[in-house]
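Peer 1: I'd like to go over a predicted model; first the sequence, then the structure.
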Amino acid sequence: MIDTHCHLNDEQLYPERKEVVERALSSGVTRMLVVGWDLDSSKRAVQLADEFDSVYAAVGFHPENLDDISDDALKEIEQLAKHPKVVAIGEIGLDYHWFKEEEHRAKQKVWFLKQIELANKLNLPVSIHAREATEDTYNILVDHPINKKCVLHCYSGSPEMAERFTKLGIYFGFDGPITYKNAEGPRKCVSTIAIDRLLTETDCPYLTPVPYRGKRNEPSFIPLILEKMAELRGFSINEMEEIIDRNAKEIYGI
Ligand code: NI
């Protein structure tokens, strides 16, 4: 199994990384993609990829963390991205939930575009964070296509929007919320999105799946996400695992 979006580089998990990785491996999660959100967390993602065979890294600036972004910082991201275990630029994108001011949103767009350009220059796929910004994200991806593949991580848009994104070749990551009682939206998406575009992720330490909701999340909970996906699609867990493995290989080569 694979966790295509996790933050072992987060303070909540990093000090216990050895135990966390061991628990993941013993629950059958053999690959983890650790995603950065700024320069330091991206460096740490690469360092974790060096430390553990099962860990890969994505590097980039999250739209909520643009305080220290600069062209020089992006040059450092570019250097990090040359590491053989960096398989994506991410997470990058737009977050309109926390940022209502037009000025900040404009800034987010500028750096989203610059990081798309970087991914295209390096020929890497992209992990996108889009929160309450699906329409703008869609328009940007239409105007600035990504050469390699890309994923909308923790997809929270509508099934209709997902269909439009699917036509652009986009993948969709799903996490703990598909196990939550009140989350009909994400479940509907898992049920209807093209099967070859689905990915499993935890986004740990956040979004812990049921029955551990409220506790800290970690990659060893991936089987709970996979099981729910299998149930929603009418596959056995093994079949679903094969499908997700194939999808992850297609986008990230891991
Ligand atoms: Ni994340």
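Peer 2: Received the coordinates, thanks.
Peer 1: any chance you could map the helices in the stretch 1-150 of the chain?
Peer 2: Using DSSP state H, counting those that start in this stretch, the helices of the stretch 1-150 of the chain run over 17-26, 39-51, 71-80, 102-122, 134-143.
Peer 1: So for the second one, what gets flagged as buried?
Peer 2: Within helix 39-51, the residues that qualify as buried by neighbour count (16 or more other C-beta atoms under 10 Å) are Leu39, Ser41, Ser42, Lys43, Arg44, Ala45, Val46, Gln47, Leu48, Ala49. Where you see a C-beta, it was placed from the backbone N, CA and C, and this is true even at glycine.
Peer 1: With distance to Val190 and pLDDT as extra columns, can I get those residues in JSON lines?
Peer 2: Shown next, in JSON lines, are the buried residues of helix 39-51 (distance: C-beta to C-beta, whole Å; pLDDT from 0 to 100):
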{"residue": "Leu39", "distance to Val190": "34", "pLDDT": "98"}
{"residue": "Ser41", "distance to Val190": "28", "pLDDT": "98"}
{"residue": "Ser42", "distance to Val190": "29", "pLDDT": "98"}
{"residue": "Lys43", "distance to Val190": "33", "pLDDT": "98"}
{"residue": "Arg44", "distance to Val190": "31", "pLDDT": "98"}
{"residue": "Ala45", "distance to Val190": "27", "pLDDT": "98"}
{"residue": "Val46", "distance to Val190": "31", "pLDDT": "98"}
{"residue": "Gln47", "distance to Val190": "33", "pLDDT": "98"}
{"residue": "Leu48", "distance to Val190": "28", "pLDDT": "98"}
{"residue": "Ala49", "distance to Val190": "29", "pLDDT": "98"}
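Peer 1: Closest one of these to Asp72?
Peer 2: Nearest to Asp72 among the buried residues of helix 39-51, counting by C-beta to C-beta, is Leu39 at 9.7 Å.
Peer 1: Tell me how far the closest residue to the closest one other than its chain neighbours lies from Lys114.
Peer 2: Leaving aside its sequence neighbours, Leu39 sits nearest to Ala73 (C-beta to C-beta, 6 or more residues apart in numbering; 5.3 Å). Going from Ala73 to Lys114 by C-beta to C-beta, to the nearest Å gives 11 Å.
Peer 1: Same check on Thr208?
Peer 2: 33 Å.
Peer 1: The two: which is more packed in?
Peer 2: The residue with more neighbours, out of Thr208 and Lys114, is Thr208; 23 against 16, by other C-beta atoms under 10 Å.
Peer 1: My guess is the more buried one contacts Ser220. True?
Peer 2: No. If you go by C-beta atoms under 8 Å, Thr208 and Ser220 don't touch, sitting 11.3 Å apart.
Peer 1: rewinding a little: reformat the helices of the stretch 1-150 of the chain into CSV and put distance to Asn247 next to each item.
Peer 2: Output for the helices of the stretch 1-150 of the chain, formatted as CSV (distance: least, C-beta to C-beta, whole Å):
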stretch, distance to Asn247
helix 17-26, 19
helix 39-51, 21
helix 71-80, 25
helix 102-122, 19
helix 134-143, 19
